[in-house]
Every structure is written in C-alpha cells, then in structure tokens.
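Asks: Below: sequence and its predicted model.
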Amino acid sequence: MQVEFSEIARKTLSENIQFLRKLWTNREIVIFLEDVKKLTNDLEDGKYLQFQKSTRNTRSVLIGKKHVRMFFRKENETKVVILLFFDMRQNPQKILDLLK
C-alpha cells in the first residue's frame, strides 16, 4: 500500500519536532521519528485496521511518549494518506480546524 503525507501532515510533523526539541533530548526525538517510520511501514504493509478508529473514515495512533497523535485515512485499496500530527496537550477543537 502506498503511504502519502498531506501538506498539513508535513507541516504539523515539522512543528511538533521543533517544539519537542525544546523539551526532549536528541535520542528521544530520534526514537519519535523511528516510531513514525515504523507506523508508516505498518501502513505500507496493509496493517490499517489495527489502529484506533477516530471517525468513520479516519484512524489514529499515539506516538512519541503518547503526546502526539497521528491521524490517517485509507483513500482506496492501494493508498493511505497521513492527515495530521497533533500534540495531545493542545485544545482538541484545533484538530477540526486543522483538518478543514
């Protein structure tokens, strides 16, 4: 299965990494990025249904010490789009604003 990052996902991943650099060590950030890579590999392997359902069409998983949630959606049988990386310490209403 092909995995693509949306523009919002790229932007929010970068913003999260910049924020985490203020709080975490380099080793913790490397582990976070390894988690992201492992999850994208799982999605490429078709392991889509094992993740928590967020809405009817969207699934998510917690990563990075359980502070960041990655949202993604299966577009068709061959493609998954990563929609957003969201720091769970923010206002949850912001998720809806970012996904518009």
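Replies: In hand now; what should we look at?
Asks: next one: stretch 75-87 to chain centre, how far?
Replies: 8 Å (Cα atoms, centre = their mean, to the nearest Å).
Asks: Could you do stretch 25-42 as well?
Replies: For stretch 25-42, the distance to the chain centre is 11 Å (Cα atoms, centre = their mean).
Asks: cool, stretch 17-29 as well?
Replies: Distance, centroid of stretch 17-29 to centroid of chain: 16 Å (Cα atoms, centre = their mean).
Asks: list the helices and strands the one helix or strand residue 28 maps to packs on?
Replies: Residue 28 belongs to helix 26-44 when assigned by DSSP states H and E. In terms of contacts (3 or more Cβ pairs under 8 Å, 6 or more residues apart in numbering; DSSP states H and E), helix 26-44 is packed against strand 2-5, helix 7-23, strand 58-63, strand 68-76, strand 79-87. Every C-beta, even on glycine, is put in place using the N, C-alpha and C of the backbone.
Asks: Done for today, thanks.
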